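Enquirer: Fold the following for me, if possible:
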Amino acid sequence: MESVDMSRIEAAARLLAPVIRRTPLLASRVLSERTGAEVWLKCENLQRTGSFKPRGAYNRIANLPQEARERGVVAASAGNHAQGVAWSAAALGLTSTVFMPIGASLPKLMATKAYGAQVRQVGETIDESLDAALEFADRSGATLIHPFDHPDIVAGQATVGTEIAEQLPEVGTVLVPTGGGGLLAGVAVALRHLAPDVRVIGVQAAEAAAWPDSLAAGRPVRVERMATMADGIAVGQPGVVPFSQVAQHVSDIVTVDEEALSQALLLCLERAKLIVEPAGAAAVAALMSRTPEELGLRGPVCAILSGGNIDPLLLTRVIGHGLSAAGRYLAVRVTISDRPGALGALLAVIGKTSASVVDVAHSRTGTWLAVDEVEVALTLETRGSDHRDDVLTALANAGYAVRVSD
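Expert: Below is the predicted model:
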């Protein structure tokens with residue numbers, strides 16, 4: 001197996017310098033206050049195509065021999081890698097074919113086409129799309145550009161690490177969103193040479209966490225099921241190429257749940273003014289949901305925002321979920337008497353708490369209701385968990401039986 005060493009990473013950095021954006025490193029006051037450490041955000045969500053993926057894709061495609069270039073490239077992806085391959089191939093003058101699952105996000109599908117790829121939707125999962133891409137490669141002679149399992153891909157992604165070392169020479173901890181392991185392995189190898197004492201932590205979605213079991217087994221192991229909003233890091237099995245590098249150079253792998261991901265996305269949007277997809281916010285989710293002691297933080301800390309390609313419909317749902325998880329929304333069902341003025345009295349109690357009513361639904365049809373009762377479903381906007389509790393206390397003190405909705 002070809003190794004990923006600093007000479008390969010340095011060659012990738014030279015190749016990519018004219019075409020890849022040197023993304024900014026932004027300070028995060030809110031995360032610094034939360035963790036007690038100096039926290040910076042590496043904004044790969046502002047990279048070309050909206051993620052770190054073109055670094056590896058361009059490096060891999062640019063290193064193909066001429067005869068392989070003439071046959072074009074093929075890839076399988078649900079989004080970010082698809083766009084990275086399409087953009088890179090077009091920039092280098094190659095044809096590209098990308099296989100995407102039938103349920104792939106429409107914005108990612110349209111963006112991949114706009115970057116110049118011929119898109120074919122096959123299968124319900126990325127594994128089925130990959131099978132189709134492999135068959136196409138065998139039949140056409142096109143080169144399969146794997147999203148993470150090739151040394152040139154890992155070396156390209158490693159340039160995120162070289163930039164962090166240049167932008168923040170005193171860096172002590174780097175947190176990396178992790179799926180197949182290409183970005184994590186590359187960053188870990190680069191920083192092991194450039195900042196030997198740095199602590200590199202991989203962050204996975206708890207509902208798609210193949211790395212902990214794989215590291216325990218000493219080999220890549222496929223996870224049985226995945227169910228996460230973080231589709232960018234929902235990878236069933238770590239790559240063979242990244243595995244040895246991660247096992248050797250990464251300090252720890254941690255997981256974050258869906259609630260932490262949604263709250264991290266909301267924080268990036270609201271406090272950092274950055275649009276980040278759930279996978280891209282995984283490192284921030286770890287900083288928000290785990291203590292500095294659990295993470296073993298050594299400052300300064302850098303959290304990589306690996307991507308920002310989120311479907312607006314998903315963004316709307318995730319923002320709502322994040323607001324609810326943060327205590328900013330409160331959904332309740334209250335039974336009141338069916339008489340004039342009863343609804344007004346209920347709303348008056350809520351008004352005194354300074355909560356804002358988002359919507360009201362009034363129903364008389366529940367089988368659990370008495371003839372003279374109605375149920376009112378309310379969605380309220382609150383200022384946080386403490387204010388949420390104040391609203392519930394005020395309703396209880398006014399004699400209302402309240403059911404909190406999920």
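Enquirer: how about the helices in the stretch 201-350 of the chain?
Expert: With DSSP state H, counting those that start in this stretch applied, the stretch 201-350 of the chain shows helices at 211-217, 240-249, 258-270, 282-289, 292-295, 312-325, 342-352, listed in chain order.
Enquirer: And those helices: which comes nearest residue 49?
Expert: For residue 49, the closest of those is helix 312-325, at 17.2 Å, according to Cβ to Cβ. (C-beta placed from N, C-alpha, C; glycine too.)
Enquirer: buried set for stretch 165-178?
Expert: With burial defined by 16 or more other Cβ atoms under 10 Å, the residues of stretch 165-178 counted as buried are 165, 168, 171, 172, 173, 174, 175, 176, 177, 178.
Enquirer: Could you report the pLDDT at the last one?
Expert: What the model reports as pLDDT for residue 178 is 97.
Enquirer: So it versus residue 196, what's the distance?
Expert: When distance is defined by Cβ to Cβ, to the nearest Å, residue 178 is 21 Å away from residue 196.
Enquirer: Next: the second one.
Expert: Using Cβ to Cβ, residue 168 is found at 15 Å from residue 196.
Enquirer: Now residue 360: phi and psi?
Expert: For residue 360, the backbone dihedrals are phi -140, psi 130 (criterion: degrees, to the nearest 10).
Enquirer: List the beta-bridge partners for residue 329.
Expert: Listed beta-bridge partners, residue 329: residue 381 (assigned using DSSP bridges).
Enquirer: Tell me the confidence at the residue nearest in space to the middle of the chain?
Expert: Closest residue to the average C-alpha location of the chain: residue 279 at 1.0 Å, with Cα atoms, centre = their mean. Note for residue 279: predicted pLDDT of 94.
Enquirer: what about it, distance to residue 392?
Expert: Per Cβ to Cβ, residue 279 is found 34 Å from residue 392.
Enquirer: what about the protein, any weak spots by pLDDT?
Expert: For the chain, applying pLDDT under 70 flags the ranges 1, 322, 366-367, 406.
Enquirer: Spell out, range by range, the strands that occur in it.
Expert: Counting by DSSP state E, residue ranges of the strands within the chain are 25-27, 39-43, 73-76, 96-100, 118-121, 143-144, 173-177, 199-205, 252-256, 301-305, 329-337, 356-363, 373-381, 402-404.
Enquirer: Does anything pack onto the first one? Which helices or strands?
Expert: Just to be clear, that refers to strand 25-27. strand 39-43 (3 or more Cβ pairs under 8 Å, 6 or more residues apart in numbering; DSSP states H and E).
Enquirer: Touching the strand it packs on from outside, list them.
Expert: Contacts made with strand 39-43 from outside it, assessed by Cβ atoms under 8 Å, 6 or more residues apart in numbering, are listed as 23-28, 31-32, 160, 163-164, 167-168, 268, 272, 274, 284, 287, 299-305.
Enquirer: Equivalent analysis for stretch 291-303, please.
Expert: If you take Cβ under 8 Å, 6+ apart as the criterion, stretch 291-303 is touched by 25, 28, 31, 35-42, 164, 168, 170-175, 197, 199, 201, 251-252, 254, 283-284, 286-287.
Enquirer: let's go with 6 Å and repeat that
Expert: With contact meaning Cβ atoms under 6 Å, 6 or more residues apart in numbering, stretch 291-303 is reached by 35, 37-42, 164, 168, 170-175, 199, 283-284.
Enquirer: just stretch 186-196 next, same as before
Expert: Residues external to stretch 186-196 that are found in contact with it (Cβ under 6 Å, 6+ apart): 4, 6, 9, 154, 157-158, 160-162, 165, 171, 176, 198, 200, 245, 249-250.
Enquirer: picking up where we left off before, ok, which pair from the buried residues of stretch 165-178 is furthest apart?
Expert: Distances among the buried residues of stretch 165-178 were taken as Cβ to Cβ; the most separated pair is 168 and 178, at 20.2 Å.
Enquirer: Quick check: which of the strands of the chain is nearest to residue 226?
Expert: The closest approach between residue 226 and any of the strands of the chain, judged by Cβ to Cβ, belongs to strand 199-205 at 8.1 Å.
Enquirer: and the closest one, what other elements does it pack with?
Expert: Helices and strands in packing contact with strand 199-205 are listed as strand 173-177, strand 252-256, helix 282-289; criterion 3 or more Cβ pairs under 6 Å, 6 or more residues apart in numbering; DSSP states H and E.
Enquirer: which among the contacts of strand 39-43 end up buried?
Expert: A residue is treated as buried here by neighbour count (16+ other Cβ under 10 Å); on that basis the buried members of the contacts of strand 39-43 are 23, 25, 28, 31-32, 160, 163-164, 168, 268, 272, 274, 284, 287, 299-305.
Enquirer: Now do residue 344: how many residues are near it, please.
Expert: Here the neighbour count serves as a burial measure; for residue 344 (other Cβ atoms under 10 Å) it reads 9.
Enquirer: which residues sit in contact with residue 374?
Expert: Under the criterion of Cβ under 6 Å, 6+ apart, the neighbours of residue 374 are 338, 364.
Enquirer: ok, what's across the strand from it?
Expert: On the basis of DSSP bridges, residue 374 is bridged to residue 336.
Enquirer: ok, longest helix in this protein?
Expert: Secondary structure of the chain read by DSSP state H shows that its longest helix is helix 151-167.
Enquirer: quick one: that helix to strand 39-43, angle?
Expert: Using axes from the mean of the first three to the mean of the last three Cα atoms, to 10 degrees, one finds that helix 151-167 and strand 39-43 are set 140 degrees apart in direction.
Enquirer: With that, I have no additional questions.
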